[in-house]
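Novice: Have a look; sequence and predicted model below, questions after that.
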Amino acid sequence: MQTVSREEVNAGLLYIGEAEKAWDLKVRTRRFALDCIALVADLPKSKTGHVIGHQLLRSSTSVGANYRAASLAQSKAAFRAKLSIVLEEADECAYWLDLIIEAALLDRERVIDIYLEAQELTKIFAAARKKTEQR
């Protein structure tokens, strides 16, 4: 039997193997939020950095929270509604990250991987929403 550290349990990664982590959207959206939190900590301590950072924190943490809520939805309609929120928030993250790059608030290399992840999550949730609408 594999031993599990307290950190893994606290991180919600219990029983998720390495291969599964990349595909588990609960884990992936949580990692995305944590990456955005770290990025916001590096933003300039200016009014612009504060405003954009606040918006990015709000939207990035909402992606995972609403995805978790969608996975517990009690009806197909509730699932679709939550999934729509997840999609909107993921796309909003891409917008704020794009602004950070374009305004040169941080080095492009510091932001680009997180930006690409926001775009990929947006595509995943757009496809998932479309699929649920076809059912």
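Specialist: Received the coordinates, thanks.
Novice: Need the phi and psi values for Ala103.
Specialist: Ala103 has phi and psi values of phi -80, psi 0 when expressed as degrees, to the nearest 10.
Novice: Skipping adjacent residues, who's closest to it in space?
Specialist: Thr48 (7.1 Å; C-beta to C-beta, 6 or more residues apart in numbering). (Each C-beta comes from the backbone N, C-alpha and C, glycine too.)
Novice: Any idea how many residues pack against the one you found?
Specialist: By other C-beta atoms under 10 Å, 13 other residues sit near Thr48.
Novice: Likewise for Thr122?
Specialist: With other C-beta under 10 Å as criterion, Thr122 counts 21.
Novice: Isn't it up against Asp91?
Specialist: Yes: when contacts are counted by C-beta atoms under 8 Å, Thr122 is listed as touching Asp91 (4.8 Å).
Novice: give me the low-pLDDT residue ranges for this structure?
Specialist: 1-23 (pLDDT under 70).
Novice: at 90 what do you get?
Specialist: Flagging of the chain using pLDDT under 90 yields the residue ranges 1-23, 132-135.
Novice: Show me where it has its helices.
Specialist: Secondary structure of the chain by DSSP state H: the helices cover 6-10, 18-23, 25-41, 47-71, 76-102, 108-134.
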